[in-house]
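1. quick one, structure for this:
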Amino acid sequence: MNKTILYIGWIGYRNLGDDLLWNLFRDRADKYLGSGQITIVPSLPGVNIQHLERYDTIVLGGGSLIAPTYIQLLYRAIKMKKKVCIWGSGIDRIPESALYAMQEGEKMPVIQRFKGEEIAQLREVLMQADFIGVRGPYTKKVLETLTGVSGVPIIGDPGLLLEWNKAAVQKEKCIGINWGTTMNNLYGNKEKDVEKQLAEAAKQWVSEGYKVFIYAVWSEDFPACQWLYKLIDKPEKVLFEKKLYTEQELMKKLSICSLTVNFKLHPNLLSLSAGVPAVALGYRFKVFDLFSSLGLEHLVLSTSEEQINTKLMKLADETMQEADKIRKDYWVKQQIYSPQIEKIFTEDGL
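-> Here you go, the predicted model:
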C-alpha cells in the first residue's frame with residue numbers, strides 16, 4: 001500500500017544545510033523503500049503543513065526543529081493517529097549559561113524554550129512517537145530535563161550520511177572560511193567584532209603563505225562574505241565566489257584545503273566528510289550539540305570568547321597538526337551513526 005509522508009524541514013530557502021538533509025532523506029527513502037511504496041511531500045514553500053489529513057506519516061527532519069511550533073504539529077498528528085518520526089532533529093536557542101551548566105555537570109537553569117502546555121505536548125510526543133532519534137547529547141539532556149522522559153536516543157545529525165570519494169587528493173596550502181550572519185543573534189552578541197577578528201586571522205594565514213577560500217551556504221550570507229573578503233583585503237590570495245554550491249560541489253572545493261573554519265553548522269559536516277578537519281565558531285547551542293556527538297568538542301570556539309583571532313590561530317594550528325586523528329575519529333563516528341540514522345528506512349519507522 002502506498003504511504004504518503006510529510007517531511008518537515010526548513011527547505012526551499014536556498015540554505016544548503018537544510019536542503020542537503022532533505023536530499024539525503026529522499027535518496028535513502030528511494031534506496032531502501034523504492035519509489036512505488038511511498039509518496040513523500042517535502043515542506044517546500046507553498047505546502048501548508050497544518051493540513052495533516054492526507055498524510056500517513058509525519059517526519060520532523062534534520063535541523064534544529066525541536067521547537068514549540070513543530071512539536072505542536074507532531075502532537076496534533078499523534079492525536080489524529082498518524083505515524084510520527086523525529087529524524088536526527090536537534091534543539092537550539094538555548095542560552096550559553098545552560099550550555100555551560102551542562103558542560104560542567106551542574107544543574108541547568110530554567111530553560112524557557114518550551115513553557116507550560118508546550119512541555120506537556122513535548123512529553124507526549126517523546127513518549128508516543130513511532131521513531132525518535134535526536135542530533136546530539138545536549139539535545140537529549142535538554143529534552144529529558146524538560147520532560148522527565150528518559151532514554152531519548154541519539155542517532156546523530158543526518159548530514160553524517162554525506163559520502164565523498166576518500167581517494168587521495170592534491171592538498172593545497174589553503175584554508176576555507178564559511179561566514180554569514182545571524183543578525184547578531186549569537187553567543188556574545190558581537191557579530192561584527194567576530195567578523196573583524198576572523199579577518200585578522202585570515203590576514204595572518206595569508207602572511208604565512210596560505211590561500212583563503214570564503215564560501216556561503218545560504219544566499220542571504222553573500223553580503224557578509226563579500227564584506228569579509230574586503231576586510232581581509234588580499235584579493236591575490238583570497239577567493240570568494242558569489243555562488244551557492246551543491247553539497248558535492250562544495251565538498252570537492254573543500255577537499256583540497258588544509259583546514260576549514262565554519263560559522264554555520266553543516267559546513268562542518270561537509271568539510272569533515274571531505275576529509276578536512278573543521279574548526280567551528282560556536283555561535284549557538286546547536287554547534288556544541290553536534291560536535292559533542294562527534295567527540296570533537298575541542299574543535300569549537302565560542303563566539304563569546306575574547307581575543308578570538310589569537311585563540312582561533314592557536315586552535316587552527318593544533319587542529320592541522322592532528323588532522324589524521326580527526327579524520328579517523330570522524331569516520332569512526334560515521335560508521336557508528338549511519339546505521340542508526342538509516343533505521344527509519346530499514347525497520348519500518350515510516
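
2. now do the longest helix anywhere in the chain, average pLDDT.
-> For the chain, the longest helix by residue count, based on DSSP state H, is helix 323-346. Mean per-residue pLDDT for helix 323-346: 97.

3. so which bits of it are buried?
-> Across helix 323-346, burial judged by 16 or more other C-beta atoms under 10 Å covers 326-327, 329-330, 333-334, 337-338, 341-345. For every residue, glycine as well, the C-beta is placed using N, CA and C.

4. where does the stretch 101-250 of the chain have low pLDDT?
-> Applying pLDDT under 70 to the stretch 101-250 of the chain flags residues 166-168.

5. now the strands for it?
-> 131-134, 174-178, 211-215, 238-240 (DSSP state E, counting those that start in this stretch).

6. which residues does the first one contact?
-> When you say that, I think you mean strand 131-134. Strand 131-134 is contacted from outside by 66, 84-91, 126, 140, 143, 152-156, 340-341, 343-344, 349-350, using C-beta atoms under 8 Å, 6 or more residues apart in numbering.

7. counting neighbours, which bits of stretch 270-279 end up buried?
-> Those would be L270, S271, L272, S273, A274, G275, V276, P277, A278, V279, for stretch 270-279 by 16+ other C-beta under 10 Å.

8. among the residues you listed, which lie within strands?
-> Members of the buried residues of stretch 270-279 lying in strands (criterion: DSSP state E): A278, V279.

9. how about TSV for the buried residues of stretch 270-279, with pLDDT and distance to T39 added?
-> TSV is the format used below for those (pLDDT from 0 to 100; distance: C-beta to C-beta, whole Å):
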residue	pLDDT	distance to T39
L270	98	29
S271	98	34
L272	97	33
S273	96	29
A274	96	33
G275	95	36
V276	97	37
P277	98	40
A278	98	36
V279	98	41
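
10. what is the nearest of the buried residues of stretch 270-279 to R28?
-> S273 (15.4 Å; C-beta to C-beta).

11. quick one: that closest one and H266, what's the gap?
-> 10 Å (C-beta to C-beta, to the nearest Å).

12. any residues in contact with both of the two?
-> Joint contacts of S273 and H266 (C-beta under 8 Å, 6+ apart) are G159.

13. find the nearest non-adjacent residue to G36, please.
-> The shortest distance from G36 to any non-neighbouring residue, by C-beta to C-beta, 6 or more residues apart in numbering, is to N2 (7.4 Å).

14. how distant is stretch 196-204 from the center of its chain?
-> Its chain's C-alpha centre and that of stretch 196-204 lie 24 Å apart, by C-alpha atoms, centre = their mean, to the nearest Å.

15. emit the PyMOL select command for whichever of the contacts of strand 131-134 are buried.
-> Buried residues among the contacts of strand 131-134 (16+ other C-beta under 10 Å), as a PyMOL selection:
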select buried, resi 66+84+85+86+87+88+89+90+91+126+140+143+152+154+155+156+341+343+344+349+350
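
16. check contacts around the residue nearest to G36.
-> G36, Q37, I38, T39.

17. could I get the buried residues of stretch 270-279 as JSON lines with distance to L250?
-> As requested, those are arranged in JSON lines below (distance: C-beta to C-beta, whole Å):
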{"residue": "L270", "distance to L250": "5"}
{"residue": "S271", "distance to L250": "9"}
{"residue": "L272", "distance to L250": "13"}
{"residue": "S273", "distance to L250": "10"}
{"residue": "A274", "distance to L250": "8"}
{"residue": "G275", "distance to L250": "13"}
{"residue": "V276", "distance to L250": "11"}
{"residue": "P277", "distance to L250": "16"}
{"residue": "A278", "distance to L250": "13"}
{"residue": "V279", "distance to L250": "17"}
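
18. roughly how far does the nearest residue to I49 once chain neighbours are set aside sit from I111?
-> Closest residue to I49 apart from its sequence neighbours, by C-beta to C-beta, 6+ apart: S43 at 5.1 Å. Distance, S43 to I111, by C-beta to C-beta: 26 Å.

19. repeat that for K83.
-> 28 Å.

20. cool, G295 as well?
-> 25 Å.

21. which of the two has more neighbours?
-> Higher neighbour count among G295 and I111: I111, with 16 against 12, using other C-beta atoms under 10 Å.

22. what's the per-residue pLDDT of the residue nearest to G36 here?
-> Reading off the model, N2 has pLDDT 87.

23. kindly report the same for S35.
-> On the pLDDT scale, S35 gets 68.

24. so where do the helices sit in this protein?
-> Going by DSSP H, the chain shows helices at 16-33, 68-79, 96-103, 117-128, 137-147, 191-207, 222-232, 247-254, 267-273, 285-293, 308-321, 323-346.

25. nearest to G62, out of these?
-> helix 16-33 (3.4 Å).

26. unless I'm mixing things up, Q334 is touching D157, no?
-> No: the criterion here is C-beta atoms under 8 Å, and Q334 misses it with D157 at 10.8 Å.
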